[in-house]
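Student: Can you look at this prediction? I've put the sequence above it.
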Amino acid sequence: MNFNEILSSFLVLFAVIDVLGAIPLIISIKEKTEIRPGLATLVTAVIMITFLFIGESLLGFVGVDIGSFAVAGSILMAIIAFEMLLGVQIFKNDDLDAATASVVPLAFPLLAGAGSLTTILSIRAEYQTINIVIGIILNMIFIFIVLRSVNFIQKLLGPVGAKILNKVFGIILLAIAVKLFSANIKTLLLG
């Protein structure tokens, strides 16, 4: 175990997962149905840790490279950003219940999305696996705290604050999607 690697993997994943930036989306999901913080956190952790160990092999097995996965994830992120910015609902959630919403779209693709999964594969080349796992677990603790506090955060922001935050982070999410798309589309077109 290496403290510097643990800290680095935690911070890199924290920035990519961006649970604080996802608060407007989490509030939006919560307004449609109840969310289960424990379930969402557990599923997110399982997806990330599983992807750490077998992600590249799994993608290779289905014939998808990391670049294609990242481009697909960036398109999905862009659609979510457009929902936030334009106040439209693209994803229909007619039969959404707490368990379903806690897994999709909360755990995947919002928290354990293409960006974080691609990042996990990238840092795997630089850090020891145990340090990445600890970094993931530390992020899950933080995610759980944020999900448990979403009612308090929503009350603190108020309706106007939540809408403003939603628009601001919609732009940020769209910018991240464009960056992820442009970084990976080049390799797909040229490679």
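Tutor: Thanks, I have the structure now. What you are looking at is a predicted structure, and each value in this text was computed from that prediction instead of being measured.

Student: Just give the nearest non-adjacent residue to residue 109, would you?
Tutor: Nearest in space to residue 109, with sequence neighbours left out and distances taken as Cβ to Cβ, 6 or more residues apart in numbering, is residue 76 at 5.6 Å. All C-beta spots, glycine's among them, are computed from the backbone N, C-alpha and C.

Student: Now do the contacts for that neighbour.
Tutor: Going by Cβ atoms under 8 Å, 6 or more residues apart in numbering, residue 76 touches 109, 113, 114.

Student: Which residue in these has the weakest pLDDT?
Tutor: Across these, the bottom pLDDT score, 78, is held by residue 114.

Student: so residue 37 touches residue 144, yeah?
Tutor: Yes: if you go by Cβ atoms under 8 Å, residue 37 and residue 144 touch, sitting 5.6 Å apart.

Student: Helix or strand for the closest residue to residue 106 other than its chain neighbours, just tell me which one.
Tutor: In this structure, residue 106 finds its nearest non-sequential neighbour in residue 40, 4.7 Å apart by Cβ to Cβ, 6+ apart. Using DSSP states H and E, residue 40 sits in helix 37-61.

Student: in that helix, what's buried?
Tutor: In terms of neighbour count (16 or more other Cβ atoms under 10 Å), helix 37-61 has its buried residues at 37, 39-45, 47-49, 51-52, 55-56, 59.

Student: Show residues contacting that helix.
Tutor: Helix 37-61 is contacted by residues 13, 65-66, 69, 99, 102-103, 106-108, 111-112, 116-117, 120-121, 124, 129, 132-133, 136-137, 140, 143-144, 147-148 when judged by Cβ under 8 Å, 6+ apart.

Student: cutoff 6 Å now
Tutor: The contact list for helix 37-61, computed with Cβ atoms under 6 Å, 6 or more residues apart in numbering, reads 69, 102-103, 106-108, 111-112, 117, 120-121, 132, 136, 140, 143-144, 147-148.

Student: Mark which of these are part of helices, please.
Tutor: Among these, the residues falling in helices (DSSP state H) are 69, 117, 120, 121, 132, 136, 140, 143, 144, 147, 148.

Student: quick check, nearest of these to residue 167?
Tutor: The shortest gap between residue 167 and any of these belongs to residue 147, at 22.0 Å (Cβ to Cβ).

Student: Fine by me, we can end here.
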